[in-house]
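Asker: Next come a sequence and a model predicted from it.
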Amino acid sequence: MKVELLVSEWCPTCPAAERIWRDVAAEKEIEFAVLDFAQPEGRELAHRLQVRTIPALAVDGVLKAVGVQTPGEARELVAAAHPRARASPRHAGMLLSAENRWFIGAGMAYLVAAGAWMLAEGDLLGAGAARAVGAHLFAGGFVTSLIYGVGAHMLPRFTGNPIRMGAWSWSQFAFFHCGLAALAAGLLGASRTLALAGGAGIWLSFALYAWRLWPVLWPPRRQGESGEPPGSPRAPAAALPPGRTSRNA
């Protein structure tokens, strides 16, 4: 069962609808996707279903509801789906995932740490081992953590393809931050073994990030979908504003 939720940044009720459907998708064996009206896939879906209000919900290519459903109503719409046995890839929507929040928050913490290091050393990078530690706190900790969090959230929105989440992202988080801590400790303590182990952890986090992004950039081939939804009257939700019509001439 494929469930597609059409949302947009200017829709005030879309975040509430997404929260409810993410909870349902975690319980039910459904292929859940959040499609942004500003992106090509979202516009194509809106045009095909002749959507005039959002959020809008399609199940197996058929428009089923508009507006925000209650948790009970949402579960009723996918009652035929089996309970979920394992996590599925996540389509990025309006909301940051917990993993991406942690990556971005950690990046901010590293930025503060790099600033404190600058004050302690008298300049940004210091000298010798202190220079290397300062460089890794800023470029490795702040910049890389920010890329991890923002990239994992935004790239799926640009392509409309899901990213691997769950254990993959938390493993990446653990390898990166433990590796960075071990690298810094090895540099300061003149321990080549510890520094190499830390570097290996950081490189492993790079590899996991590439693995997570692979289906975003090079998705597997999908069989063509068929079935045109019947036109039916719909209850009002968030009307499309002028200049954002779902029909393109």
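Answerer: Thanks, I have the structure now.

Asker: Give me the average confidence score over the lengthiest helix in the chain.
Answerer: Once the chain is assigned using DSSP state H, the helix that runs over the most residues is helix 192-217. Averaging pLDDT along helix 192-217 gives 93.

Asker: Buried ones in that helix, by neighbour count?
Answerer: 194-195, 197-199, 201-202, 204-205, 208-209, 212-213, 215-216 (16 or more other C-beta atoms under 10 Å). From N, CA and C alone the C-beta is placed, and that goes for glycine too.

Asker: and which of these is nearest Phe173?
Answerer: Distances from Phe173 to these, taken as C-beta to C-beta, are shortest for Ser205 (7.8 Å).

Asker: Touching, that closest one and Gln172? I think so.
Answerer: Yes. When contacts are counted by C-beta atoms under 8 Å, Ser205 is listed as touching Gln172 (4.9 Å).

Asker: list the residues that contact both of these two?
Answerer: Listed as contacting both Ser205 and Gln172 by C-beta atoms under 8 Å, 6 or more residues apart in numbering are Tyr148.

Asker: Assign a three-state SS to Asn161, would you?
Answerer: coil (DSSP: H, G, I helix; E, B strand; the rest coil).

Asker: mind checking which helix or strand of the chain has the lowest mean pLDDT?
Answerer: Within the chain, no helix or strand scores below strand 238-239, which has a mean of 51 by mean pLDDT, DSSP states H and E.

Asker: helix or strand for the residue sitting nearest the centre point of the chain, which one?
Answerer: Taking C-alpha atoms, centre = their mean as the criterion, His153 is the residue nearest the geometric centre of the chain, at 3.5 Å. Assigned by DSSP states H and E, His153 belongs to helix 145-159.
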